[in-house]
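Novice: sequence? don't have it. structure:
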C-alpha cells in the first residue's frame, strides 16, 4: 500500500470534508517550519543554538536561543503565503502583523514556537504547539489587526496540532474530525501518516504533575493526588504510576499514545493567577486535540475550550487526558 504523506492527506480532506484549500496550504507551511525547527533542535551544540540569551519573553521567562530562532522560523515561513491575517506567539507581547506588501488571508495562527525549552540543553523532547482560528470579518478595513481578533474561545479553532522533536519528529494534527499522527521521514523529507485514528483510553493508571508544588495546591488537587498515591489500598482501588517530563508536548504525546492524566493546577504561590499554562498558545490547542481523541480537558471547573479569553497571554489551570480521571478531579472542584 502506498504511504500517505501529509500533503496527500490534506488534499483528500479537501475532497471528503471540504477542508478549504487555503487552510490546507497553511498547515503545510506550518509543517515545513516545524521541519526546519526539528533540524535546528537536532543539531544541538553543533549548531551553536544551545544556551540562553540575556533576555526574557513577555512571560518573564529567560529566552533560550532556540526559542527565538523557532519563533523567527514560524513567522518568516507564514508571512508571505497570503493565508493569514495575523499571528500571535507566546514569545511576543503583541500580535504580529503581516507585512503590508503581502496579501492578507482568512486565518489567524497562534503558537508556542518551542514548548518545554528548559529541556533543550539536556536533550529531552521539546515541541511546537499551534492553533488556527478564523479571522473576524473586517468589513474592508485595512491596517493592523488588533489583539481582540484573536480572543476567541477554543471551540472556534479550525485546526490545531503540535510537532514533537524526540527520537522521531512527529506531527499530531486535528482538523476537527479526529486526530492523525505523522512521522517525519528524514530521507524523503516529508511527514508520513503513521497513526490513523488516535484514541485516548478512558481509564488510566498514569498521572503527570509536578509534585514539588504539592504544598501550594488547592484542596481538590491535594485530595485527588492523595487518592492516586494511596494506590490499591486507597479509595480508587488501583496502583498509579507518575510521569513528569516538564514539557507539555511530551506529556500530552504520551497520554495520546497510551492514556493518562496531565495536571498543571493553579497554586497559592501566585494567588492572582488562574494557572501557569497559556490558554491561547498551549491549553486550547491541546484541549482540541485531546477532545478529538476522546479525552477531556478542563480547568477544574469548566471545559477549557469554552473559556472566553480576555487577553493574548491569559493563563489557565489544566487537567486533561483520560475521560474517567479528568471527570473525577473536575468533580472534586465542584464540592
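Specialist: Structure's in. What do you need? Quick caveat, the model's predicted, so the values are computed rather than measured. Residues are numbered from 1 along each chain as shown.
Novice: where do the strands sit along the stretch 51-200 of the chain?
Specialist: 52-56, 62-64, 84-89, 96-97, 107-115, 126-134, 159-165, 169-174, 179-185, 190-195 (DSSP state E, counting those that start in this stretch).
Novice: so the residue lying closest to residue 131 once chain neighbours are set aside is in which element?
Specialist: Leaving out its chain neighbours, the residue that sits closest to residue 131 by CB to CB, 6 or more residues apart in numbering is residue 285, at 4.0 Å. Glycine gets a C-beta too; all of them are placed from N, C-alpha and C. Assigned by DSSP states H and E, residue 285 falls within helix 284-292.
Novice: just want the angle from that helix to strand 107-115.
Specialist: Counting by axes from the mean of the first three to the mean of the last three CA atoms, to 10 degrees, helix 284-292 points 100 degrees away from the direction of strand 107-115.
Novice: now do helix 284-292: which elements does it pack against?
Specialist: strand 126-134, strand 159-165, strand 169-174, helix 248-258, strand 296-298, strand 318-321 (3 or more CB pairs under 8 Å, 6 or more residues apart in numbering; DSSP states H and E).
Novice: now the second one: mean pLDDT?
Specialist: Averaged over strand 159-165, pLDDT sits at 98.
Novice: can you put the strands of the stretch 51-200 of the chain in TSV and add mean neighbour count and distance to residue 36?
Specialist: Converted to TSV, these look like this (neighbours: other CB atoms under 10 Å; distance: least, CB to CB, whole Å):
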stretch	mean neighbour count	distance to residue 36
strand 52-56	11	19
strand 62-64	18	16
strand 84-89	24	16
strand 96-97	16	18
strand 107-115	27	11
strand 126-134	26	10
strand 159-165	26	11
strand 169-174	25	11
strand 179-185	21	11
strand 190-195	18	13
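Novice: do you know which of the ones you listed lies nearest residue 210?
Specialist: Checking these against residue 210 by CB to CB gives strand 107-115 as the closest, at 15.2 Å.
Novice: which strands and helices lie in contact with the closest one?
Specialist: Against strand 107-115 (3+ CB pairs under 8 Å, 6+ apart) you get helix 21-43, helix 65-79, strand 84-89, strand 126-134.
Novice: and the second one with strand 159-165, angle?
Specialist: Counting by the same axes, to 10 degrees, helix 65-79 lies at 140 degrees to strand 159-165.
Novice: can you list the buried residues in helix 65-79?
Specialist: Within helix 65-79, the residues that qualify as buried are 65-71, 73-75, 77-79, counting by 16 or more other CB atoms under 10 Å.
Novice: please apply the same query to the longest one.
Specialist: Judged by neighbour count using 16+ other CB under 10 Å, the buried positions of helix 21-43 are 23-24, 26-35, 37-38, 40-41.
Novice: which one of those residues sits closest to residue 197?
Specialist: Nearest member of those to residue 197, counting by CB to CB, is residue 27, at 18.3 Å.
Novice: tell me the contacts of that closest one?
Specialist: Contacts for residue 27 (CB atoms under 8 Å, 6 or more residues apart in numbering) come out as 6, 10, 132, 159, 161, 173, 175.
Novice: apply 6 Å and report the result again.
Specialist: By CB atoms under 6 Å, 6 or more residues apart in numbering, the residues touching residue 27 are residue 10.
Novice: for it, give its distance to residue 109.
Specialist: Distance of residue 27 to residue 109, given as CB to CB, to the nearest Å: 10 Å.
Novice: and what of residue 260?
Specialist: 29 Å.
Novice: what's the answer for residue 234, then?
Specialist: For residue 234 relative to residue 109 (CB to CB), the value is 44 Å.
Novice: same question for residue 123.
Specialist: With distances taken as CB to CB, residue 123 is found 29 Å from residue 109.
Novice: same question, residue 289
Specialist: According to CB to CB, residue 289 and residue 109 sit 16 Å apart.
Novice: do you know the pLDDT at residue 300?
Specialist: pLDDT, residue 300: 97.
Novice: burial count for it?
Specialist: Using other CB atoms under 10 Å, residue 300 has 25 neighbouring residues.
Novice: just checking, it touches residue 334?
Specialist: No. With contact defined as CB atoms under 6 Å, residue 300 does not reach residue 334; the gap is 8.8 Å.
Novice: can you list the domains in this structure?
Specialist: 6-195, 206-334 (automatic domain parsing).
Novice: buried residues of stretch 307-322, list them for me.
Specialist: Across stretch 307-322, burial judged by 16+ other CB under 10 Å covers 307, 309, 312-322.
Novice: most remote residue from the middle of the protein, which is it?
Specialist: residue 233 (35.7 Å; CA atoms, centre = their mean).
Novice: from start to finish, how long is stretch 80-98 in a straight line?
Specialist: Length of stretch 80-98, first residue to last, CA to CA, to the nearest Å: 8 Å.
Novice: how far does that stretch sit from the chain's center?
Specialist: Chain-centre distance of stretch 80-98: 17 Å, with CA atoms, centre = their mean, to the nearest Å.
Novice: what mean pLDDT does it have?
Specialist: 94.
Novice: other residues contacting it?
Specialist: Here stretch 80-98 makes contact (CB under 6 Å, 6+ apart) with 22, 25-26, 29, 57-58, 67, 71, 75, 78-79, 102-105, 107-112, 135, 144-145, 147, 150, 278, 281, 312.
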